[in-house]
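Participant: Here you go, sequence then predicted model.
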Amino acid sequence: MATVQELYELWAGQSELEQALQRSLEPRGTEWLVHVDACCGQEARCSHTSRSRPSGSYSGSSARRSTFGSDVPSSTAASLLELIGGTPLVELPRLADAAGVSPRVRLYAKLEAQNPTGSIKDRVALAMIEAAEAAGELEPGRELLEPTSGNTGISLAMVARLKGYRLTCVLPESVTEERKRILEIFGAEIVWSPGEEGSNGAVRVAVELAGREGRWFVPFQYGNEANPLAHYDGTGAEIAAALDRLDVFVAGLGTGGTLMGAGRRLREAFPGVVVAAAEPLPGDPVMGLRSLEDGYVPPILDVSQLDRKLLVSNDEAAAGVRALLEREAIFAGLSSGASVQVATRLALELEEGVVACVLADGGWKYLSAPFWQAGAADAELEANLWW
Amino acid sequence: MTTVRIPPTLRAESGGEARVQAAGDTVRELLEDLTARFPALRERLFRDEQIAPFVNVYLEGEDVRTLDGLETPVREGATVILLPAMAGG
């Protein structure tokens, strides 16, 4: 019996074995079996996490992802745009157990960091641009303008580069350094909005700019129906296909797109499902709106479609990030920490059932953040815009 | 009594206080008590006798719009948080 590592070394080091191994890699039941009889007559039962399907009802579409060892490298993609979506749903048994969740409750997380630019916003960016193209609203060479706290901008930068559009993002000064740098590296222009106004300030500045200069096309994730539709057709449909049962669905609340779109799709599949929002409790420094009238409710968000709407402080979200890392080795961003905290809180209310939450991005864009160690730099945590 | 957290945006109307005490068995009674003592808050928090669109009121961390709204019962010692509606993304 060969170990997976031994098989990989054989594969990597002996080119004459490659085709035989590739032909003999195939899924069987709930595990992947690696037949090596073509070369040595041995067979290994693979225990690599990304190959092992969760023991629950997951049958998701990770087959076209091709990180090392994850699947049969039987196809190629014409561009990154074809690799958006189809993210895996992974169970969180260690985290659930440590939180005291009933063993009859299964907790799952949808890993949106596995999209090409590392966040769920790839789905939204592509959907908005292709909807505009289909409607004849966006011709080649047009300039895009979008208010964003970072992830949507990065996703639009990727889509814009591949499709030949120029992009300007209106970005609050209080976002993490990593997001600014990634946007700059992608070649996006950045217009700064006041950090203390958060995303609301970015929306205000973008609307003012677009009103003054007609040259912009503004996808406007906060009011674009392609945003929730991307989650209805993608995120929600994928979860519905992966699970036989769902009692609670949790996602972070930003534009409302994930909760509206995926929530609607999941209610169709699981009529009794509770759709719950994890909402950030921002620190005072990023709540300094000039007046309450500067508050903003995205037009695509209909709060009446939410069953629960729960605040999560930055501290609690950071604890969620650390729990994901320590218990499940998942490297996630701050809104994911909030999402898993709410999912755990609601899972604790159940005696049995299935809870799924969305982890919207990975930890890479937060490496400079202070929350990786408990109790560190609370003031900095409160002064930045994380969602 | 219930502790009510006031966001920076509304502190001019609460005499600069970030936390104030208020009494009431429901969210409505609690906000009535609060605005009786800080009248300038009233026109900011209410529109047509309902919670204004850009205001969120949380009882023990949950938006009262997904509970029973202004009629949501409030237990002694609870925490209420007022926030302006803020987007993300």
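Facilitator: That came through fine. Numbering: from 1, shown residues only, chains lettered A, B, ... in the order given.

Participant: which bits of chain B sit near chain A?
Facilitator: Contact residues (C-beta under 8 Å from any C-beta of the partner chain) of chain B with chain A: B:7-10, B:18, B:44, B:52-55, B:58, B:61-63, B:65-66, B:81, B:83-89. C-beta coordinates here come from the backbone N, C-alpha and C atoms, glycine included.

Participant: Let's see that with 7 Å instead.
Facilitator: Taking C-beta under 7 Å from any C-beta of the partner chain as the measure of proximity, chain B contacts chain A at B:7-10, B:44, B:53-55, B:58, B:61-63, B:65-66, B:81, B:84-89.

Participant: Buried only: go through these for me.
Facilitator: B:7, B:9-10, B:44, B:54-55, B:58, B:61-63, B:65-66, B:81, B:84-89 (16 or more other C-beta atoms under 10 Å in any protein chain shown).

Participant: Filter the residues you listed down to just the ones in helices.
Facilitator: residue B:44 (DSSP state H).

Participant: Just the buried ones among the residues of chain B next to chain A: which are in strands?
Facilitator: Cross-referencing those against strands under DSSP state E gives B:55, B:58, B:62-63, B:81, B:84.

Participant: can you list those in CSV and add pLDDT and distance to residue A:83?
Facilitator: Listed next are these as CSV, based on pLDDT from 0 to 100; distance: C-beta to C-beta, whole Å:
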residue, pLDDT, distance to residue A:83
B:55, 91, 41
B:58, 96, 39
B:62, 97, 37
B:63, 96, 36
B:81, 95, 41
B:84, 86, 38
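
Participant: Max pairwise distance over these: which two?
Facilitator: B:62 and B:84 (17.4 Å; C-beta to C-beta).

Participant: ok, the ones in strands among the buried ones among the residues of chain B next to chain A vs residue A:150, which is closest?
Facilitator: Of these, the one sitting nearest to residue A:150 (C-beta to C-beta) turns out to be residue B:84, at 20.9 Å.

Participant: Let me know the distance separating that closest one from residue B:29.
Facilitator: According to C-beta to C-beta, to the nearest Å, residue B:84 and residue B:29 sit 23 Å apart.

Participant: likewise residue A:263?
Facilitator: In terms of C-beta to C-beta, residue A:263 sits 32 Å off from residue B:29.

Participant: And residue A:167, by the same measure?
Facilitator: As judged by C-beta to C-beta, residue A:167 and residue B:29 stand 50 Å apart.

Participant: Please apply the same query to residue B:55.
Facilitator: 17 Å.

Participant: Which residues are in contact with the residue of the stretch 101-250 of chain A found nearest chain B?
Facilitator: Closest to chain B within the stretch 101-250 of chain A is residue A:199: 4.6 Å, counting by C-beta to the nearest C-beta. By C-beta atoms under 7 Å, 6 or more residues apart in numbering or on different chains, the contact list for residue A:199 reads A:147, A:149, A:172, A:385, B:86-89.

Participant: so what's the backbone phi/psi at it?
Facilitator: Torsion angles at residue A:199 (phi, psi; degrees, to the nearest 10) stand at phi -60, psi -30.

Participant: Who are the contact partners of residue A:205?
Facilitator: Shown in contact with residue A:205 (C-beta under 7 Å, 6+ apart): A:147, A:170, A:191, A:193.
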